[in-house]
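Undergrad: Quick one: sequence and predicted model below, then my questions.
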Amino acid sequence: MRAIHATAAGGPEVLSVVDLPAPVAGPGKVVVDVAAAGVNFIDTYKRGGVYPMDFPHVPGTEGAGTVSSLGPGVSGVAVGDRVAWASAPGSYAEQVVVPADVLLPVPDGVDLETAAALPLQGMTAHYLVASTFPVRAGQTVLLTAAAGGVGLLLTQLAAARGARVIGTVGSAEKEVLAREAGAREVVRYTELDDLTADLPAIVRELTDGVGVDVAYDGVGKDTFDATLASVRRRGTLVLFGGASGQVPPFDLQRLNHAGSLFVTRPKLGDYTADRDELLWRAGELFAAVGAGSLSVRIGERFGLAEAAAAHEALEGRATTGKVLLVP
């Protein structure tokens, strides 16, 4: 089968197509023919050496496809079932081995490309608004990268809960998408002279000087100071990503001086470790897609051999919605 190898820690140029032996399912696992694999920032962190990894490795953890074979001891799934997953290493390939206990059944009415686009970013958006900081009607939310893959989904979920969403974007095109998803106000950060000073000032003006109840920041280093300064007294900053780089250590006394703030750095694995919780989050998302109340935007599709171009587009913030590799 064809797969992508990350040959060493580095930029997108370290990604190349290789031929590998067809995988075999071990105990408790299945082999899936990959219809589409999700491209996510965590893949770039692993490729670039931000997270320790063995090289070479096949990137990707997310996708959807059709079960082609079962390993010993697998029950509750059959050959031919349509499934998705958020945590199966090696998903940038024509076939991948997936532990049966992380499989997500894809319901009728949801196509496999949409299913591949939803697990990681969709369940991230879900745990952020439902669990990390449970958003309630009447609250105000600040969201960076509101037209990104997580951003568009999180905006819809927060707005559906009755929240007022203030989003940041980098272009007029992305502003349109964020507003269509339910953002009430949108700030183009590229038009600000000083993001760290100007964004909090705009947010305070929009909130009568109070600030937002919660800021969800997936950009990281470039936006952290600005989002922290936009949070109201005893409010919360949820740092869930580092698209611009990792936030350096900072003095916790800043939280005291800023109004007894809370900061948390969650990850999806801690909100889906229990299978019942995993199925609950995925089930709510697939049901919303099937009902037409949640829209999944696939911004770009790349062939498997174009993995380097997909990473370049994602890291260059040239994409909106979800980026997929389609073998």
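TA: Thanks, I have the structure now.

Undergrad: So what touches stretch 307-316?
TA: Surrounding stretch 307-316, the residues in contact under the criterion C-beta atoms under 8 Å, 6 or more residues apart in numbering are 4, 12-13, 15-17, 39-41, 43-44, 47, 59, 92, 243, 300, 302, 318-319, 323, 325. The C-beta positions use only the backbone N, C-alpha and C, and glycine is treated the same way.

Undergrad: What pLDDT does the model give the closest residue to Gly259 other than its chain neighbours?
TA: Using C-beta to C-beta, 6 or more residues apart in numbering and skipping the chain neighbours, the partner closest in space to Gly259 is Arg233 (3.5 Å). pLDDT, Arg233: 98.

Undergrad: So Arg233 sits against Asp213, correct?
TA: No - with contacts defined as C-beta atoms under 8 Å, Arg233 does not count as touching Asp213, sitting 10.4 Å away.

Undergrad: out of these two, which sits in the more crowded spot?
TA: Taking Arg233 and Asp213 together and counting by other C-beta atoms under 10 Å, Asp213 has the greater number of neighbours (21 against 10).

Undergrad: check contacts around the closest residue to the more buried one other than its chain neighbours.
TA: In space, not counting the residues next to it along the chain, Asp213 is nearest to Gln139; the distance is 4.2 Å by C-beta to C-beta, 6+ apart. Contacts were defined as C-beta under 8 Å, 6+ apart; by that measure Gln139 touches 162-164, 213-214.

Undergrad: Show the average pLDDT along the longest helix along the chain.
TA: Using DSSP state H to assign secondary structure, the helix with the most residues in the chain is helix 275-291. Helix 275-291 comes out with an average pLDDT of 96.

Undergrad: in it, what counts as buried?
TA: Within helix 275-291, the residues that qualify as buried by neighbour count (16 or more other C-beta atoms under 10 Å) are 278, 281-282, 284-286, 288-289.

Undergrad: what ranges do the strands span in the stretch 201-327 of the chain?
TA: For the stretch 201-327 of the chain, the strands identified by DSSP state E, counting those that start in this stretch occupy 212-217, 231-239, 262-264, 298-303, 322-326, in order along the chain.

Undergrad: just the helices in the chain please.
TA: When assigned using DSSP H, the helices of the chain occupy the ranges 41-48, 112-117, 119-127, 149-160, 172-181, 195-206, 224-228, 253-257, 275-291, 307-315.

Undergrad: Distance to Ala86 for those helices - can I get that in JSON lines?
TA: Supplementary listing: the helices of the chain in JSON lines, determined by distance: least, C-beta to C-beta, whole Å:
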{"stretch": "helix 41-48", "distance to Ala86": "10"}
{"stretch": "helix 112-117", "distance to Ala86": "10"}
{"stretch": "helix 119-127", "distance to Ala86": "4"}
{"stretch": "helix 149-160", "distance to Ala86": "13"}
{"stretch": "helix 172-181", "distance to Ala86": "21"}
{"stretch": "helix 195-206", "distance to Ala86": "31"}
{"stretch": "helix 224-228", "distance to Ala86": "25"}
{"stretch": "helix 253-257", "distance to Ala86": "31"}
{"stretch": "helix 275-291", "distance to Ala86": "8"}
{"stretch": "helix 307-315", "distance to Ala86": "17"}
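
Undergrad: nearest to Lys29, of the ones you listed?
TA: helix 275-291 (15.0 Å; C-beta to C-beta).

Undergrad: who does the closest one touch, helix- and strand-wise?
TA: strand 104-105, helix 119-127 (3 or more C-beta pairs under 8 Å, 6 or more residues apart in numbering; DSSP states H and E).

Undergrad: Can you tell me which of these is most buried?
TA: helix 119-127 (a mean of 26; mean count of other C-beta atoms under 10 Å).
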